[in-house]
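Trainee: The following block contains a protein sequence and its predicted model.
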Amino acid sequence: MRYFFESYVFDTDLRELHRGASVVSIAPQTFDLLDYLIRNRGYVVSKDELIDAIWKRRAVSDAALTTRLNAARSAIGDSGEEQRLIKTLPRKGFRFVGQVRETREVTGLNPGQAAAESALAVPDRPSIAVLPFENLSGDPEQEYFADGMVDEITTALSRIRWLFVIARNSSFIYKGHAVDVKQAGRELGVRYVLEGSVRKAGNRIRITGQLIDALTGAHLWAERYDRELSDIFNLQDEIAASVAAVIEPALAAAEQERVRRKPPERLDAWEAYQRGLWHFHKYRPEENKAALGFFSQAIALDPNFAPGHYGYALALQWEIWHFSTRPFLEVQEAAREEAQIAVFLDDKDAMAHAVLAHMMMWGGEWEAAIAETRDAVALNPNSAFVISMHGCVLGFGGYREEALERLQQAMRASPHDPLIWLWLARCGILQFFSQDYVAALQTLRQVVRLRPGYAGTYQYIAASLAYLGRSDEAREALERVPPQSVEQLQRWQHRPPWLRPEDYAIRVEGIRLAREQR
């Protein structure tokens with residue numbers, strides 16, 4: 001990976017920091033510290049977490065930590081007084097707060113060339129990204145409302161089958177920053193960009209939007225909407241229809257009858273759901289608990305609001321799968337029931353079907369799960385989340401070649417998604433089960449760089465290395481399992497229901513070989 005911020009290029013594979021054409025001298029441990037902060041820039045990294053990641057739980061004095069932080073700041077032109085890029089939050093931890101753009105490695109090129117070559121190819125059909133709308137309400141608490149409006153407009157656009165739509169999660173890397181639409185178009189690989197603003201006051205809302213050709217910078221369409229809050233769901237479809245008509249008039253007429261999801265009777269439920277999503281994507285135990293609380297609140301406010309139910313199902317599943325030592329099966333029935341309720345309430349919601357398929361897969365119902373995701377893709381063929389769920393259930397159901405294609409498709413639809421580490425992990429696991437251990441290693445090492453605390457990755461890496469006869473590296477991979485995750489991994493002593501017996505046997509044998517080589 002290469003990370004671009006201010007005038008710097010941070011190359012994790014070459015382990016080099018560039019400023020312009022010059023290489024900045026940086027000590028290995030300082031590089032590791034900066035690397036960890038940049039990768040985990042989405043949240044505040046605690047002192048203990050940083051020590052665990054960089055010093056592997058060795059005793060480290062506050063003075064030593066401060067020295068390394070100051071060295072990292074100095075290397076990137078920051079200081080402890082200014083804290084322009086690395087911010088210290090008293091009694092909480094540290095966070096990299098600079099604007100970062102990331103690209104995957106392009107071999108044989110220098111950093112400047114790589115930046116140019118990393119632009120994604122524009123698809124051969126109309127393509128668009130909805131950038132974060134500016135919150136003009138004067139109230140920071142309304143940020144989630146503006147974000148939610150972008151999410152809904154993106155979803156409405158993605159129902160147009162002929163339109164390639166970048167997922168909201170990738171577009172949001174530009175939130176809070178002045179955006180060069182031509183650069184955004186290159187980095188996201190789209191022809192058109194929609195940007196705008198939201199002002200909410202009392203029971204009224206004003207939305208402005210403008211559509212720009214990202215290749216030329218030309219303004220194609222602009223409009224302002226003043227509505228009562230009760231009209232916002234019709235407004236979202238109105239904006240989507242206006243944009244579609246500008247992009248492709250001939251095709252837009254054929255898409256007027258697209259599916260519209262049922263809005264909640266109470267706007268408060270939608271707001272609670274949006275807040276739940278915001279916490280869910282932060283991927284931390286305490287954030288997931290907050291997400292559960294908001295999704296539960298959405299259900300209480302409007303029991304007929306399908307997203308509240310499938311949001312709660314996802315967060316409940318993650319609570320067991322990622323953040324608990326409890327047996328996997330303990331959550332299956334409750335999470336599946338919530339997903340089934342969501343589909344019952346809104347059979348035309350692609351997300352509801354995708355989440356239900358997810359729960360079916362965790363129960364070992366592979367064929368039923370695949371059928372469910374095919375329904376979801378038919379309803380919304382542009383949703384990166386839906387496509388990723390389709391790839392996931394195909395893969396664990398044994399259809400690995402198609403699964404890998406779908407997961408790659410999801411990553412193209414949302415190249416900066418906060419869940420991209422998870423999609424990569426699934427790709428690596430499927431390559432492992434296909435006994436393509438070299439490819440699995442390459443993919444899983446990307447996962448470690450993106451999510452170093454995800455314990456299961458190290459075991460698959462160790463097993464791959466063991467099968468390749470690389471015993472020393474296999475031993476080192478097992479030793480990198482985070483100590484706090486050892487108890488979680490003990491649950492794998494019994495086959496989880498979503499793994500086919502033959503796949504589980506490959507995993508067990510690989511880990512056995514890795515342990516015997518220790």
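Mentor: Everything's here; your move.
Trainee: Cross-check the contact I'm expecting between residue 376 and residue 385.
Mentor: No. Contact criterion C-beta atoms under 8 Å: residue 376 and residue 385 do not qualify, at 9.2 Å. (Each C-beta comes from the backbone N, C-alpha and C, glycine too.)
Trainee: overlap in contacts of the two?
Mentor: Here residue 376 and residue 385 share the contacting residues 351, 354, scored by C-beta atoms under 8 Å, 6 or more residues apart in numbering.
Trainee: And the strands in the protein, which stretches?
Mentor: 2-5, 8-11, 16-19, 22-24, 86-89, 93-96, 101-103, 127-130, 134-135, 164-165, 192-201, 204-213, 219-228 (DSSP state E).
Trainee: So which elements touch the third one?
Mentor: Where contact means 3 or more C-beta pairs under 8 Å, 6 or more residues apart in numbering; DSSP states H and E, strand 16-19 is packed against strand 8-11, strand 22-24.
Trainee: Identify all contacting residues around it.
Mentor: If you take C-beta under 8 Å, 6+ apart as the criterion, strand 16-19 is touched by 7-11, 23-24, 26, 31, 34, 75-77, 111.
Trainee: can you do 10 Å?
Mentor: 2-4, 6-11, 23-26, 30-31, 34-35, 72, 75-77, 110-112 (C-beta atoms under 10 Å, 6 or more residues apart in numbering).
Trainee: Would you mind listing the buried residues in that strand?
Mentor: 17-18 (16 or more other C-beta atoms under 10 Å).
Trainee: In its sheet, which strands sit next to that strand, and in what direction?
Mentor: Strand 16-19 pairs in its sheet with strand 8-11 (antiparallel), strand 22-24 (antiparallel), by DSSP bridges.
Trainee: And the average pLDDT for that strand is what?
Mentor: In this model, strand 16-19 has a mean pLDDT of 84.
Trainee: swap in the last one?
Mentor: Averaging pLDDT along strand 219-228 gives 79.
Trainee: Pull out the buried positions in it.
Mentor: residue 225.
Trainee: Ok, the fifth one next?
Mentor: For strand 86-89, the neighbour count (16+ other C-beta under 10 Å) marks 86-87 as buried.
Trainee: Summarise which helices and strands that strand is packed against.
Mentor: Of the remaining helices and strands, those touching strand 86-89 by 3 or more C-beta pairs under 10 Å, 6 or more residues apart in numbering; DSSP states H and E are helix 28-39, helix 62-75, strand 93-96.
Trainee: ok, and what's touching the shortest one?
Mentor: Surrounding strand 93-96, the residues in contact under the criterion C-beta under 10 Å, 6+ apart are 3, 5, 33-34, 36-50, 65, 69, 72, 76, 78, 83, 85-89.
Trainee: Out of the strands of the chain, which is closest to residue 470?
Mentor: strand 8-11 (25.1 Å; C-beta to C-beta).
Trainee: tell me the mean pLDDT over the closest one?
Mentor: Taken as a whole, strand 8-11 has a mean pLDDT of 85.
Trainee: where does it sit relative to the chain's centre, distance-wise?
Mentor: Here strand 8-11 is found 22 Å from its chain centre; the criterion is C-alpha atoms, centre = their mean, to the nearest Å.
Trainee: can you check stretch 350-362 too?
Mentor: Using C-alpha atoms, centre = their mean, the offset of stretch 350-362 from its chain centre is 18 Å.
Trainee: Please identify the buried residues of that stretch?
Mentor: Applying a neighbour-count criterion of 16+ other C-beta under 10 Å, one finds 350-362 buried in stretch 350-362.
Trainee: Check stretch 274-284 too.
Mentor: With burial defined by 16+ other C-beta under 10 Å, the residues of stretch 274-284 counted as buried are 274-280, 283-284.
Trainee: that older thread, and the helices and strands packed on strand 16-19: which comes nearest residue 182?
Mentor: strand 8-11 (20.2 Å).
Trainee: May I see the buried residues of the closest one?
Mentor: Across strand 8-11, burial judged by 16+ other C-beta under 10 Å covers 8-11.
Trainee: got it, and stretch 298-316?
Mentor: Under 16+ other C-beta under 10 Å, the buried positions of stretch 298-316 are 298-299, 301-302, 304-316.
Trainee: Quick one: distance of that stretch to the chain centre.
Mentor: 20 Å.
Trainee: do the same with stretch 365-382
Mentor: Mean C-alpha position of stretch 365-382 versus that of the full chain (C-alpha atoms, centre = their mean) differs by 20 Å.
Trainee: list the buried ones in it?
Mentor: So, applying 16+ other C-beta under 10 Å, buried residues of stretch 365-382: 365-366, 369-370, 372-373, 375-377, 379-382.
Trainee: So which of these sit within helices?
Mentor: 366, 369-370, 372-373, 375-377, 379 (DSSP state H).
Trainee: and which of these is nearest residue 330?
Mentor: Of all these, residue 369 has the smallest distance to residue 330: 19.7 Å, by C-beta to C-beta.
Trainee: And that closest one, how close does it get to residue 388?
Mentor: Using C-beta to C-beta, to the nearest Å, residue 369 is found at 13 Å from residue 388.
Trainee: Return the closest of the buried residues of stretch 350-362 with respect to residue 422.
Mentor: For the buried residues of stretch 350-362, the closest approach to residue 422 (C-beta to C-beta) belongs to residue 358, at 11.7 Å.
Trainee: Now do the closest one against residue 414, distance only.
Mentor: Taking C-beta to C-beta, one finds residue 358 at 17 Å from residue 414.
Trainee: Take stretch 444-453, keep the C-alpha atoms, and write them as PDB.
Mentor: The C-alpha trace of stretch 444-453 is given here as PDB (Å, rounded to 0.1, in the frame of the first residue of the first chain):
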ATOM      1  CA  LEU A 444      -3.900 -12.500   3.700                       C
ATOM      2  CA  ARG A 445      -0.800 -10.300   4.300                       C
ATOM      3  CA  GLN A 446      -2.800  -7.400   2.800                       C
ATOM      4  CA  VAL A 447      -5.400  -8.100   5.500                       C
ATOM      5  CA  VAL A 448      -2.800  -8.000   8.300                       C
ATOM      6  CA  ARG A 449      -1.600  -4.600   7.000                       C
ATOM      7  CA  LEU A 450      -5.200  -3.300   7.000                       C
ATOM      8  CA  ARG A 451      -6.400  -5.000  10.200                       C
ATOM      9  CA  PRO A 452      -3.500  -6.200  12.300                       C
ATOM     10  CA  GLY A 453      -5.700  -7.100  15.200                       C
END
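Trainee: Please identify the buried residues of that stretch?
Mentor: Residues of stretch 444-453 classed as buried by neighbour count (16+ other C-beta under 10 Å): 444-448, 450-453.
Trainee: Count the residues that sit near residue 479.
Mentor: Neighbourhood size, residue 479 [other C-beta atoms under 10 Å]: 11.
Trainee: Correction: the previous question concerned residue 138.
Mentor: Neighbour number of residue 138 under other C-beta under 10 Å is 9.
Trainee: pretty sure residue 438 contacts residue 445?
Mentor: No. Between residue 438 and residue 445 there is no contact under C-beta atoms under 10 Å: 11.3 Å.
Trainee: Quickly list what's touching both of those two.
Mentor: Shared contacts of residue 438 and residue 445, defined by C-beta under 10 Å, 6+ apart, comprise residue 464.
Trainee: Output the buried residues of strand 8-11 in a markdown table; the columns should cover distance to residue 196.
Mentor: A markdown table is the format used below for these (distance: C-beta to C-beta, whole Å):
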| residue | distance to residue 196 |
| --- | --- |
| 8 | 31 |
| 9 | 32 |
| 10 | 32 |
| 11 | 35 |
